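Engineer: A structural model of the following input is requested.
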Amino acid sequence: QVQLVESGGGLVQAGGSLRLSCAASGRTANTYALGWFRQAPGKERAFVAVVSSTGGTYYGDSVKGRFTISRDNAKNTVYLQMNSLKPEDTAVYYCAARMRGVVTTPNNYGYWGQGTQVTVSS
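Structural biologist: Numbers count the residues shown, from 1 in each chain. As a prediction, the model looks like this:
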């Protein structure tokens, strides 16, 4: 069992930066792949980035070159550094965990945080 708690969302102007954090609790949390998804109003939940238990990363096309995912296994925490933010990045951002493998579909993640709002103004 893994519990996830996100933090770091907020309001930022276009071109600005934010860093999201997700603290994972549970005895084996550092063996899980940890991902970030986002959901804008009226849209489906979309893949943003994922980091494997060994540090391998994969990004959605819309955030490549702007966002960086990382994890600190000693702290059981995953981060999402978001730079050059655009109004279209506005969404609720969710942290998710799965036991094995790096995948991009939300249905393959069994554990979710409560979400944190990111709003980018133009």
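Engineer: okay, which residue is most central for the chain?
Structural biologist: Trp36 (2.2 Å; Cα atoms, centre = their mean).
Engineer: let me see the contact set for it.
Structural biologist: Leu20, Cys22, Val48, Ala49, Val50, Ile69, Val78, Leu80, Tyr93, Tyr94, Cys95, Ala96 (Cβ atoms under 8 Å, 6 or more residues apart in numbering). From N, CA and C alone the C-beta is placed, and that goes for glycine too.
Engineer: in strands, which of those residues appear?
Structural biologist: Residues of the contacts of Trp36 located in strands (DSSP state E): Leu20, Cys22, Val48, Ala49, Val50, Ile69, Val78, Leu80, Tyr93, Tyr94, Cys95, Ala96.
Engineer: relative to Phe47, how far out is the second one?
Structural biologist: I take that to be Cys22. When distance is defined by Cβ to Cβ, to the nearest Å, Cys22 is 15 Å away from Phe47.
Engineer: neighbour-wise, which of these two wins?
Structural biologist: Between Cys22 and Phe47, Cys22 has the larger neighbour count (other Cβ atoms under 10 Å), namely 25 against 21.
Engineer: tell me how far that one lies from Gly101.
Structural biologist: Taking Cβ to Cβ as the measure, Cys22 and Gly101 are separated by 19 Å.
Engineer: do the same with Asp61
Structural biologist: Using Cβ to Cβ, we find Asp61 at a distance of 20 Å from Gly101.
Engineer: Phe67 too?
Structural biologist: With distances taken as Cβ to Cβ, Phe67 is found 21 Å from Gly101.
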